[in-house]
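1. My questions are about this predicted structure, shown below with the sequence.
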Amino acid sequence: MQTIKWDPALISKYNINGPRYTSYPTALSLSTDFDHGLIQSAISKSPDELSLYLHIPFCHKLCYYCGCNKVITRHQHKADTYLDALAEEMALYAPLLDSRRINQLHLGGGTPTFLTEVQLSRLMALLHKYFTINSDAEISIEIDPRSCSDDKLHHLRSLGFNRVSFGVQDLDEKVQIAINRVQDTELIRHQVALSRELGFSSINLDLIYGLPFQQPASFTETVDEIIRLNPHRISLFSYAHLPDRFAAQHKIDNSSLPDAPLKLELMQLAINRFVAAGYQFIGMDHFARPDDTLAKAQLAGKLQRNFQGYTTAGQDALIGLGVSSISQVNGVLWQNSKDLPAYYAAINKTQRPTERGFSLNADDKLRAALISQLICHFTLDTETFSRQWHIQSFWLYFADALARLQPFMEDGLVEVYAGRIKVTDSGRLWVRSICACFDAYLAQGQQRYSKVV
C-alpha cells in the first residue's frame with residue numbers, strides 16, 4: 001500500500017450505511033420462509049473440508065459498546081446446560097457431515113473464556129466425538145483477558161488451541177470506564193507474552209476506534225503499545241453506535257463519542273502507524289505481519305471472506321453451531337435462533353434450531369464472487385470474470401453499478417479499464433461503499449447497517 005487520500009470531505013460523500021460483506025447477500029436477507037431441506041442438500045455437496053464456528057454467548061459483565069449476541073450471568077452452571085444443547089446439535093449435524101473433515105475451528109461469543117477448564121475440556125471432547133478434526137487444523141478462541149488466567153491459557157494450549165484473539169479495544173482507562181470494560185495493560189502484556197511462550201502460532205489483538213472519550217494522543221499510546229506487543233494480526237474495528245438495536249449502548253453518552261472527522265483521524269493515525277511498523281494492511285479493518293498466513297494468502301490471491309471475517313479456509317464452507325450462529329455452505333445460508341430459550345426449545349424437540357435462511361440464485365452467486373474479490377484483493381479482471389460466470393458483456397450486466405461507481409472514479413478511489421476494476425490505495429478505506437455499488441439488495445435495508453467508517 002502506498003498513499004491514502006485522507007480527505008475529510010470524502011466522509012460526507014462516501015461514509016454511507018453499508019454491510020461489512022462477510023456474506024452476500026447479508027444476514028438481513030435471511031428469511032423465516034426457508035426450506036430447511038436445503039441444508040442437507042447443501043452439506044451433501046459441500047467440500048471435503050469445512051470450517052466450524054461455535055458461539056458461546058455468556059459473559060460475566062456487560063460491555064456497553066457490544067453488539068454481539070450475549071447473555072450476562074454469574075451462574076456458571078448455565079454453561080453446562082448450554083453444552084448439553086450443543087452436544088445435541090452436534091449429534092444432529094454429525095450424520096450429514098459423514099467423512100468430511102474440519103480444517104478450521106473457532107470459538108466466538110460472548111466470551112468463550114467464560115467456560116471453566118472442565119467445561120472447555122468437555123466441549124473439545126464433544127467436538128472430537130462428533131467431528132473429524134484435522135491434526136493441523138486452525139483452532140482459535142476469542143479471549144477476554146479478564147476471564148483468562150495463566151492456568152486457563154495453559155489448558156487451552158493443551159486442548160489443541162493454536163490461535164488466540166484478545167479483546168483489547170482501548171488501553172486508556174477513561175475510555176475503559178465509559179464502556180464498562182476496565183482491564184489492566186500489564187495483564188494484557190502478560191497474557192500475550194505467555195501465549196507466545198506456550199507456542200500459540202497466531203496472536204490477534206482487537207481494537208475499536210470511535211469509542212467514547214477517544215482522542216488522538218491517548219489512542220496513539222494504545223496503538224504504540226499494541227505495536228510493541230508485536231501480535232501476528234491486529235483487528236481495528238469501527239464502533240457502530242446503534243442504541244436502537246443494542247440497548248446497552250444507551251449507557252454511552254452521545255456527547256462523549258468522537259465526531260466523524262475525529263473518528264477518521266483516529267483511524268488514520270492507527271493505519272499509518274501499523275503500516276509504518278511493517279504490518280500489511282489487509283483491507284478495511286485487518287492488519288497482519290508479512291509472515292502471517294492471512295498476509296501470504298492475500299499476496300497469493302487466495303484470501304477469502306466469510307462470517308468470521310477474512311479467512312484462508314473458504315467462504316462457502318462454514319457450519320455454525322450454537323445460538324445465533326450462521327452457516328454458509330454451497331450457496332445456502334442459514335441462522336440459528338438468536339433467542340436462547342427458543343434455541344433450547346428446538347434442541348429439546350431434536351430439531352436443528354434453524355430460524356431463517358436463504359438460498360442464493362445465479363445472480364446472487366456471481367455478485368457474491370465479485371464482492372469477495374474486490375474486498376479481499378481490490379482488483380477484478382472483468383474479462384476473466386465474465387468467462388467464468390458466462391456473462392456476455394460485463395458492463396452491460398452491471399450497467400447500474402457502473403453509474404454508481406462514477407463518483408468513486410472521479411475522486412480517484414476506483415480505476416476502471418477495459419478489462420479491469422482496481423480499487424486504489426485511497427479507495428481501500430471505502431471498499432465497503434464501493435462493493436455496495438454491486439449490491440442488488442442494499443436499498444431494502446441500508447439504514448440497518450452501520451457507517452462504513
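-> All right, it came through fine.
2. Can you give me the buried ones in the helix or strand where residue 192 lies?
-> Assigned by DSSP states H and E, residue 192 belongs to helix 185-198. Burial within helix 185-198, assessed by neighbour count using 16 or more other C-beta atoms under 10 Å, is assigned to 185, 188, 191, 192, 195, 198. For the C-beta atoms, the positions are set from N, CA and C on the backbone; glycine is no exception.
3. Kindly report the same for stretch 157-172.
-> So for stretch 157-172, counting by 16+ other C-beta under 10 Å, buried means 157, 159, 161-172.
4. Report the buried residues of the longest helix along the chain.
-> Secondary structure of the chain per DSSP state H: the longest helix is helix 77-97. For helix 77-97, burial by neighbour count (16+ other C-beta under 10 Å) applies to 79, 82-83, 85-90, 92-93, 96-97.
5. could you dump the residues you listed to a markdown table with pLDDT and distance to residue 418?
-> Shown next, in a markdown table, are the buried residues of helix 77-97 (pLDDT from 0 to 100; distance: C-beta to C-beta, whole Å):
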| residue | pLDDT | distance to residue 418 |
| --- | --- | --- |
| 79 | 98 | 57 |
| 82 | 98 | 55 |
| 83 | 98 | 57 |
| 85 | 98 | 55 |
| 86 | 98 | 52 |
| 87 | 98 | 56 |
| 88 | 98 | 56 |
| 89 | 98 | 50 |
| 90 | 98 | 51 |
| 92 | 97 | 51 |
| 93 | 96 | 47 |
| 96 | 94 | 46 |
| 97 | 93 | 45 |
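6. Next, give me the two most distant ones among the residues you listed.
-> Maximum pairwise distance among those (C-beta to C-beta): 26.0 Å, between 79 and 96.
7. count of residues packed around residue 277?
-> Residues near residue 277, counting by other C-beta atoms under 10 Å, number 16.
8. sorry, that was for residue 150
-> By other C-beta under 10 Å, 11 other residues sit near residue 150.
9. now the closest residue in space to it that isn't next to it in sequence: how far from residue 176?
-> Leaving out its chain neighbours, the residue that sits closest to residue 150 by C-beta to C-beta, 6 or more residues apart in numbering is residue 194, at 6.2 Å. According to C-beta to C-beta, to the nearest Å, residue 194 and residue 176 sit 22 Å apart.
10. now do residue 436
-> Taking C-beta to C-beta, one finds residue 436 at 33 Å from residue 176.
11. In terms of secondary structure, what does the one helix or strand residue 396 maps to contact?
-> Following DSSP H and E, one finds residue 396 within helix 394-397. For helix 394-397, the packing partners by 3 or more C-beta pairs under 8 Å, 6 or more residues apart in numbering; DSSP states H and E come out as helix 382-388.
12. got the buried residues for the helix it packs on?
-> 382, 385, 386.
13. centre of the chain versus that helix, how much separation?
-> 28 Å (C-alpha atoms, centre = their mean, to the nearest Å).
14. contacts for it?
-> By C-beta atoms under 8 Å, 6 or more residues apart in numbering, the residues outside helix 382-388 that reach it are 369, 370, 373, 391, 392, 393, 394, 395, 419, 420, 421.
15. Likewise for stretch 343-357?
-> Contacts of stretch 343-357 (C-beta under 8 Å, 6+ apart): 30-32, 34-36, 38-39, 81, 85, 88-89, 92-93, 322-323, 332-338, 342.
16. Just those: which are in strands?
-> The members of these that map onto strands under DSSP state E are 332, 333, 334, 335, 336.
17. Name the residues that touch stretch 305-316?
-> The contact list for stretch 305-316 (C-beta under 8 Å, 6+ apart) reads 21-23, 47, 49-51, 53, 103-104, 106, 108, 138, 235, 282-283, 286, 293-294, 297, 302-304, 318, 320, 326, 328-331, 372, 375-376.
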